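> one predicted model, sequence on top.
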Protein chains: 2
Amino acid sequence: MTTQKDSNTDETCPAQALLKTLAGKWKPEIFRLALNGPVRFNTLLRQIEGSNKQSLAVALKELEASKLLNKEIVNEKPLHIEYTLSATGQSLIPIFRQLETLQ
Amino acid sequence: MTTQKDSNTDETCPAQALLKTLAGKWKPEIFRLALNGPVRFNTLLRQIEGSNKQSLAVALKELEASKLLNKEIVNEKPLHIEYTLSATGQSLIPIFRQLETLQ
DNA sequence: ACAATTAGTCAGAAAAATATGACTACACAA
DNA sequence: TTGTGTAGTCATATTTTTCTGACTAATTGT
């Protein structure tokens, strides 16, 4: 006999996918700051109070892996790295704005 | 000397607030199912594979506490409880629909 | 009276997420 | 060559979240 616990395993719901990629203690804050322009590792570490290197590094890596942020080396002095919103990330801006209009 | 890690503690960003209320392993799935109409405890337990009583109970309690779901006793036979989208919950429907249009 | 269905609670265990502190490595300036 | 700023890694510890299995309790059907 098969269990009655089957059928509904969509896992293709975009809202759930987004919630999953932005899940975690620091990802939403990183993403929000990235809405205003490129962000950098040490700057985030100073801006986001209570955060730490390890957790930010993991969060950035995962946001990059899930294609919300792009990582690029900037050849200026001092040489540094910038994380910017990807095209996908930018496509979410209207939704964030819409959420801000909700009371 | 004060630390340079101050200033930016908004915590009034609605997008982040929503991400927080829908954070957790089962809340997004519960919420998504509730979009289609009233949901019930034992039914969710059967529908959401891999879930368990305890976690669903906690998730439902928190979704109710954060005013996304309403809990009501239905006086039919058998007497049972229904969780339905609150007004706030319903206000999020357009955003979920919009996310579904995103590739 | 007994079993099934309803909707949970509770204590403790296991798993996952997050934090700490030490360390690495490159570029550049003094 | 010593120091500062860049951006991390790594092993371990702590904290938080989630799961398991036993139990409760009211309602309804046989």
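That came through, no problem.

> tally up the residues packed near A:N75, please.
By the criterion of other CB atoms under 10 Å in any protein chain shown, A:N75 has 7 neighbours. Placement of C-beta: from N, CA and C, glycine included.

> now the strands for chain A?
Per DSSP state E, chain A carries strands over the ranges A:69-74, A:80-85.

> single out the most deeply packed of these.
With neighbours taken as mean count of other CB atoms under 10 Å in any protein chain shown, the strands of chain A reach their highest mean count in strand A:80-85, at a mean of 18.

> is chain B within reach of that one?
No - if you take CB under 8 Å from any CB of the partner chain as the test, strand A:80-85 misses chain B, and the best it gets is 14.1 Å.

> list the helices and strands that strand packs on?
Judged by 3 or more CB pairs under 8 Å, 6 or more residues apart in numbering or on different chains; DSSP states H and E, strand A:80-85 is in contact with helix A:27-34, helix A:53-65, strand A:69-74.

> the shortest one pairs with which strands, parallel or anti?
The one in question is strand A:69-74. Take DSSP bridges as the rule and strand A:69-74 pairs in its sheet with strand A:80-85 (antiparallel).

> hmm, the strand it pairs with touching DNA strand D?
Yes - Strand A:80-85 reaches DNA strand D (CB under 7 Å from any atom of the strand) through A:80-82.

> quick check: angle from that strand to helix A:53-65?
50 degrees (axes from the mean of the first three to the mean of the last three CA atoms, to 10 degrees).

> so what touches strand A:80-85?
A:30, A:34-35, A:37-41, A:60, A:63-64, A:68-74, A:93 (CB atoms under 8 Å, 6 or more residues apart in numbering or on different chains).
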